[in-house]
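Colleague: One predicted model, sequence on top.
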Protein chains: 6
Amino acid sequence: MLTVIEDLLSKQEVAKFTQSLDKGQWIDGKHTAGSQASKVKYNQQLDDSSALATELRNVVIRKLSANALFMSSALPNKIYPPKFNRYQGGEHYGLHVDSSVMPIPNSHQMLRTDLSATLFLSEPSTYDGGELSIETQFGLQQIKLNAGSVILYPANSLHQVNPVTKGHRTASFFWVESLVRSNDQRSMLFDLDQSIQALTVELGSNDAEVKRLTGVYHNLMRSWASC
Amino acid sequence: MLTVIEDLLSKQEVAKFTQSLDKGQWIDGKHTAGSQASKVKYNQQLDDSSALATELRNVVIRKLSANALFMSSALPNKIYPPKFNRYQGGEHYGLHVDSSVMPIPNSHQMLRTDLSATLFLSEPSTYDGGELSIETQFGLQQIKLNAGSVILYPANSLHQVNPVTKGHRTASFFWVESLVRSNDQRSMLFDLDQSIQALTVELGSNDAEVKRLTGVYHNLMRSWASC
Amino acid sequence: MLTVIEDLLSKQEVAKFTQSLDKGQWIDGKHTAGSQASKVKYNQQLDDSSALATELRNVVIRKLSANALFMSSALPNKIYPPKFNRYQGGEHYGLHVDSSVMPIPNSHQMLRTDLSATLFLSEPSTYDGGELSIETQFGLQQIKLNAGSVILYPANSLHQVNPVTKGHRTASFFWVESLVRSNDQRSMLFDLDQSIQALTVELGSNDAEVKRLTGVYHNLMRSWASC
Amino acid sequence: MLTVIEDLLSKQEVAKFTQSLDKGQWIDGKHTAGSQASKVKYNQQLDDSSALATELRNVVIRKLSANALFMSSALPNKIYPPKFNRYQGGEHYGLHVDSSVMPIPNSHQMLRTDLSATLFLSEPSTYDGGELSIETQFGLQQIKLNAGSVILYPANSLHQVNPVTKGHRTASFFWVESLVRSNDQRSMLFDLDQSIQALTVELGSNDAEVKRLTGVYHNLMRSWASC
Amino acid sequence: MLTVIEDLLSKQEVAKFTQSLDKGQWIDGKHTAGSQASKVKYNQQLDDSSALATELRNVVIRKLSANALFMSSALPNKIYPPKFNRYQGGEHYGLHVDSSVMPIPNSHQMLRTDLSATLFLSEPSTYDGGELSIETQFGLQQIKLNAGSVILYPANSLHQVNPVTKGHRTASFFWVESLVRSNDQRSMLFDLDQSIQALTVELGSNDAEVKRLTGVYHNLMRSWASC
Amino acid sequence: MLTVIEDLLSKQEVAKFTQSLDKGQWIDGKHTAGSQASKVKYNQQLDDSSALATELRNVVIRKLSANALFMSSALPNKIYPPKFNRYQGGEHYGLHVDSSVMPIPNSHQMLRTDLSATLFLSEPSTYDGGELSIETQFGLQQIKLNAGSVILYPANSLHQVNPVTKGHRTASFFWVESLVRSNDQRSMLFDLDQSIQALTVELGSNDAEVKRLTGVYHNLMRSWASC
Ligand code: NI
Ligand code: NI
Ligand code: NI
Ligand code: NI
Ligand code: NI
Ligand code: NI
């Protein structure tokens, strides 16, 4: 399942991010890719240890944790601390699959990448190219969202970032280890949750079927979740 | 999940069964138990190869296949050809767990016993004792149904048939290999199915949530069923 | 994974099918849908018990079994006997998910629908509308293939056939129970198989890595396949 | 499997708990239920952040960790910090299924609720009603234990607390995430463990079968446990 | 787990087999290997459709079905009809992994190869070389059994038949699809079964622990078996 | 899969270890075995809380983490803090299976023992006996490595340490909880990784098949790993 979270950040918040990031320290992105990816990655990244990166990262995590669509579709167990990158002057990131297990910086934990995410921070009108391009059953699908919006996609997808040929494209990217590893299972839970919410509005939360379906939801979660 | 199917056979059908069975050929039940069970089994069984057994067996299977509650709760993949037994004069069957895999007579197939079933054929008023007694979390639970009714219970349960101290107790018994092996999964599917049926009555079969939940049901089945 | 098999039938074969089918007996399609689907299905179907249906069905199965792409991507365990339908004059089939388990006609077996398939038999230029429209992460994707080509898609997808507004659209449709139930697992096996085939061409079949990867392929299959 | 742990607390310990709790600060229980449960929950809860709650909670955890029956039947990986509640004057908690995943207070961890537990702290003779009533295959089963005793039940059960119509019912409640998620698997491990212990007494710990069964026990655990 | 079944055939039976096979029709073995294996296979095979092959095959299957060690260690669901081969004059079969899924001749069924088996039919003293050599954690292990004995080994093993440099080596080979796919699970069931049998001899079949362990055995089987 | 890591420690490092350990405080090994194992364990162990043990333990962990073969074959999630033991004068450790789940000292975490490991610290020429003897499909296999080398073996194996009849045998031992619980799955990942590395050398890291296989590797990991 591919989920678009519109306006995770408001226009004001995006403006603040942009202002700060424009003054940030950008370094060569090859440092953050695995050995195979480094051969296909050409971009710049914000220094993760800078005060700026730390501050913005925390805003993103706070916004995600408060977002109902993110919580119910991703069912997050761990979130990789968001990173920030910038493409310009033809920079791009060739076709690749993200690594499956990564150490979480400044911790002794590892994270399994079930979902990949990109938070777009530049308005699409300000740059050419730079689509997140995901290989699907229907060919390469091009994703270019408004600044402040997030795309969540299964981390087992082959994907690339097209060359940015005009302007620059700033974004935050991160991964999610979900309570529920399987994309298909998470998708069924999301459908069930959507039905329960719609029926709650329609029939009330004391309706017998709303209660029974809520029980089924929790029992499915219990049989699938690891934390 | 334990399921009672009331009146699988009507009173007339029970009467016909009784009439026929009273004239049947009954033999020592030890022949039908595994090596361990034979030590605890004292009853009589109808000769499976007799014309009578064949005829009644087919009626039971036909009735089961037409029964909505049986179909939706058991989700049968294979049904063991029903057998018939009779307890009287203190006969009983000691505490045991049914065998897990059995050859299906007159076939080259085997059947995994996910569910055990007893179809009661004697009215409870006509005999003393003879309860099907199942060990549960709440102690031994005693089951004694009206003639024509069926109890379906998870075949991993420890159970026994209490001594029949007056009259006789005639029954049919069989096992079901379900499309869905796990009792917990089958139980969630049953709950979901019950909700879909209730909501269909309430909201109509074209309701968006009825359709979405039906999709979830089939996708859960698809991820769990083997046939 | 979504697979297109181009030209399963040659143009001559399509012509023969068309000639025969134009003389066939077509009946109301509602008979072949489950209770929910019948509310959304408006089309005509060929009588499955006719000699014509039997003959064409066997041709389709023979062609499938000889097709390397079908065999390696679907890993079929059972194929539902192909059926034939026709849409015209606005006929269509509303959004639905296919049933998960179906009895195979004229057998005592059931089939789990892992994959759904449509073999297009009318040239796209001869009718308007009639796209097979599959709901994906990227919105509804429209599929309309050349006559003789097949689309295979995961049967847990929500899909519809759009109204045919000019001409008529004849097709064969069927389901596949795969040796490997999970779409993700089947997709990894297919990728591995494609690599093995490419490396065999490049390095020869006696190359040590070709042999090692072939062993991995068979051991993955062994740990995932049911038959 | 449903497990009763008799006398986790001795009568003296119960007396001390009672004395302390009678002076505790009790607040409205709706604060501790999820959005659905809050509609059905009417009781009082001890302030979790109070020194009293902290002290008693630690006693309960210490007692549980030293209890052989608790350890071998629950195989705990994480224990939710026990909470304390009180029902009186008709208070009750309607039929519900417990939430499947909960954040552990004052930590960054989550806990999957495999088992639910109630430690009874009031003697049954001192109040009317207040049974923990669990929906089972055999209808609603009523549980009311001596003060100091614990009931452990699968958290996927539908359950309620009946209205307390006389006196008051004080209890501690908590959840367990087990090393072994599945109730059926945990139950088989418990049976195997019971046999190993009985055979050790009978045949000695150097008996070849005791050793072989111990190996099977650990290898089953290894194939089922997550920590 | 690797299992040796000593003397599946008695010396007289081996003599009869030898006499018959010496008059059989032997053909080039490449016909029976998959495309990769054919590059490494040099031996002769008995014509499977001959009356001789049919007769001997049936004897082997009858003997296997009556053999307690075979039944309890392999837990067979399907047995591939045994084939017969002969190596001489330097013939050998290079290192390979057996195919994972094979069509069963003269049926519409497929078989998953969980276990591979070789029944040795020539006395080791009558030929040089010809060891079945299996790659294990401890290097290549050489197997050369007495005529009439069978080796069963996990079919995911890399193995070869060494060149026969003197005399000839005749054998029967086949595969087993087990009720229990996983080697580790089958091995735990076998250990548990061995303990139950030993304890039954020691304590009697009515011993409480013998009964409890038998229940655990059947419930493990029920949770693992497919048929 | 059984993995030998040659020269994890260099000869100089071994010499330093030996010097330090000869001055260490050794205590009776029964303290570190579970209740069953204590009956079969006769050796000496270094005091885990000593500064020496702490220092050497950290060296071992640092060396392991930097060792490519260890990382790719064990895929470690958690490593039990290495312990040190010594056998002499006939000391030995009888046949046993290691415990499945252990608390990690000085933490609140538990560790599932997927792999067992022994780092040999005495040169084989300096002592007699003391083989690590693992029960396999091919009988008891004897392991006695050079000082500085490590043996990694599946923790579900039955094993023992033979009596040391001359000199003394010092070693470090520990357990690994792997990201991938199943031995068979870990072994397939290792094979795939070996092929990818060999093909990268042969064809370059930009080769299409190297990239595709890397994607398969990460997607298999993603579907199997827990962290
Ligand atoms: Ni990426
Ligand atoms: Ni029974
Ligand atoms: Ni459809
Ligand atoms: Ni509750
Ligand atoms: Ni072979
Ligand atoms: Ni050990």
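Modeller: Arrived safely. Numbers count the residues shown, from 1 in each chain, chains lettered A, B, ... in the order given. Ligands and ions are numbered 1, 2, ... in the order given.
Colleague: Quick check, pLDDT for residue A:29.
Modeller: Per-residue confidence at residue A:29 stands at 70 (pLDDT).
Colleague: nearest residue to it other than its sequence neighbours?
Modeller: Of all residues not flanking residue A:29 in the chain, residue A:43 sits nearest, at 4.1 Å (C-beta to C-beta, 6 or more residues apart in numbering or on different chains). In short, each C-beta sits where N, CA and C put it, glycine included.
Colleague: what's the neighbour count on the residue lying closest to residue A:112 once chain neighbours are set aside?
Modeller: Take residue A:112 and drop its neighbours on the chain: the residue closest to it by C-beta to C-beta, 6+ apart is residue A:177, 4.8 Å away. Residue A:177: 28 surrounding residues under other C-beta atoms under 10 Å in any protein chain shown.
Colleague: Which strands or helices does the helix or strand containing residue A:177 pack on?
Modeller: For residue A:177, the element it lies in under DSSP states H and E is strand A:168-178. In terms of contacts (3 or more C-beta pairs under 8 Å, 6 or more residues apart in numbering or on different chains; DSSP states H and E), strand A:168-178 is packed against helix A:51-65, strand A:76-79, strand A:83-88, strand A:110-112, strand A:115-120.
Colleague: how does it look with 7 Å?
Modeller: strand A:76-79, strand A:83-88, strand A:110-112, strand A:115-120 (3 or more C-beta pairs under 7 Å, 6 or more residues apart in numbering or on different chains; DSSP states H and E).
Colleague: So the helix or strand following it, near chain F or not?
Modeller: Later in the chain than strand A:168-178, the nearest helix or strand by DSSP H and E is helix A:183-203. No. Applying C-beta under 7 Å from any C-beta of the partner chain, one finds helix A:183-203 separated from chain F by no less than 10.0 Å.
Colleague: Also compute the angle for helix A:183-203 relative to strand A:115-120, please.
Modeller: 70 degrees (axes from the mean of the first three to the mean of the last three C-alpha atoms, to 10 degrees).
Colleague: Helix A:183-203 near chain B anywhere?
Modeller: Yes. Helix A:183-203 lies within reach of chain B by C-beta under 7 Å from any C-beta, at A:184, A:188, A:191, A:192, A:194, A:195, A:198, A:199.
Colleague: picking that back up, beta partners of the residue nearest to residue A:112?
Modeller: Residues in a beta bridge with residue A:177, per DSSP bridges, are residue A:78.
Colleague: can you tell me how far it sits from chain D?
Modeller: Between residue A:177 and chain D the distance is 12 Å, computed by C-beta to the nearest C-beta, to the nearest Å.
Colleague: pretty sure residue A:87 is touching residue A:169, no?
Modeller: Yes. With contact defined as C-beta atoms under 7 Å, residue A:87 reaches residue A:169; the gap is 4.7 Å.
Colleague: who touches both of the two?
Modeller: Contact criterion C-beta atoms under 7 Å, 6 or more residues apart in numbering or on different chains; residues shared by residue A:87 and residue A:169: residue A:130.
Colleague: Counting neighbours, what do you get for residue A:101?
Modeller: Neighbourhood size, residue A:101 [other C-beta under 10 Å]: 19.
Colleague: Oh, that last question was meant for residue A:51, not what I typed.
Modeller: Using other C-beta under 10 Å, the number of residues around residue A:51 comes to 8.
Colleague: Just the pLDDT for it.
Modeller: With respect to pLDDT, residue A:51 has a value of 95.
Colleague: picking that back up, as a markdown table, the residues of helix A:183-203 next to chain B with distance to residue D:83, neighbour count and pLDDT would be great.
Modeller: As requested, the residues of helix A:183-203 next to chain B are arranged in a markdown table below (distance: C-beta to C-beta, whole Å; neighbours: other C-beta atoms under 10 Å in any protein chain shown; pLDDT from 0 to 100):
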| residue | distance to residue D:83 | neighbour count | pLDDT |
| --- | --- | --- | --- |
| A:184 | 36 | 19 | 94 |
| A:188 | 32 | 23 | 97 |
| A:191 | 33 | 18 | 97 |
| A:192 | 28 | 22 | 98 |
| A:194 | 31 | 16 | 97 |
| A:195 | 31 | 24 | 98 |
| A:198 | 33 | 15 | 98 |
| A:199 | 30 | 24 | 98 |
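Colleague: interface residues of chain A facing chain B?
Modeller: Counting by C-beta under 7 Å from any C-beta, chain A comes close to chain B at A:184, A:188, A:191-192, A:194-195, A:198-199, A:209, A:212-213, A:215-216, A:219-220, A:223.
Colleague: at 8 Å what do you get?
Modeller: Applying C-beta under 8 Å from any C-beta of the partner chain, we find that chain A lies next to chain B at A:184-185, A:188, A:191-192, A:194-195, A:198-199, A:202-203, A:208-209, A:212-213, A:215-216, A:219-220, A:223.
Colleague: contacts with chain C among those, please.
Modeller: Among the residues of chain A next to chain B, chain C is touched by residue A:184 when using C-beta under 8 Å from any C-beta.
Colleague: Looking at the residues of helix A:183-203 next to chain B, which one is closest to residue E:24?
Modeller: Using C-beta to C-beta, residue A:184 comes nearest to residue E:24 of the residues of helix A:183-203 next to chain B, at 52.0 Å.
Colleague: hang on, the earlier thing: quick one: average confidence on the strand holding residue A:177?
Modeller: For strand A:168-178, the mean confidence score works out to 98.
Colleague: What distance do you get for residue A:21 to chain E?
Modeller: With C-beta to the nearest C-beta as the criterion, residue A:21 and chain E are 52 Å apart.
Colleague: Surely that residue is in a helix?
Modeller: Yes. Counting by DSSP: H, G, I helix; E, B strand; the rest coil, residue A:21 is located in a helix.
Colleague: what lines up beside the worst-scoring helix or strand of chain A on mean pLDDT in the sheet?
Modeller: Lowest mean confidence among the helices and strands of chain A (mean pLDDT, DSSP states H and E): strand A:41-42, at a mean of 74. If you go by DSSP bridges, strand A:41-42 pairs up with strand A:92-96 (antiparallel).
Colleague: tell me the contacts of the residue lying closest to residue A:166 once chain neighbours are set aside?
Modeller: Spatial nearest neighbour of residue A:166, excluding adjacent residues (C-beta to C-beta, 6+ apart): residue A:128 at 3.9 Å. Applying C-beta atoms under 8 Å, 6 or more residues apart in numbering or on different chains to residue A:128 gives the contacts A:164, A:165, A:166, A:167.
Colleague: now swap in residue A:213 and tell me
Modeller: When contacts are counted by C-beta under 8 Å, 6+ apart, residue A:213 touches A:192, A:195, A:196, A:199, B:192, B:195, B:213.
Colleague: do residue A:126 as well
Modeller: Counting by C-beta under 8 Å, 6+ apart, residue A:126 has contacts A:167, A:168.
Colleague: please redo it, this time with the cut-off set to 10 Å
Modeller: By C-beta atoms under 10 Å, 6 or more residues apart in numbering or on different chains, the residues touching residue A:126 are A:18, A:147, A:166, A:167, A:168, A:169, A:170.
Colleague: cool, and residue A:92?
Modeller: Residues near residue A:92 by C-beta under 10 Å, 6+ apart: A:40-43, A:129-130, A:133, A:160-165.
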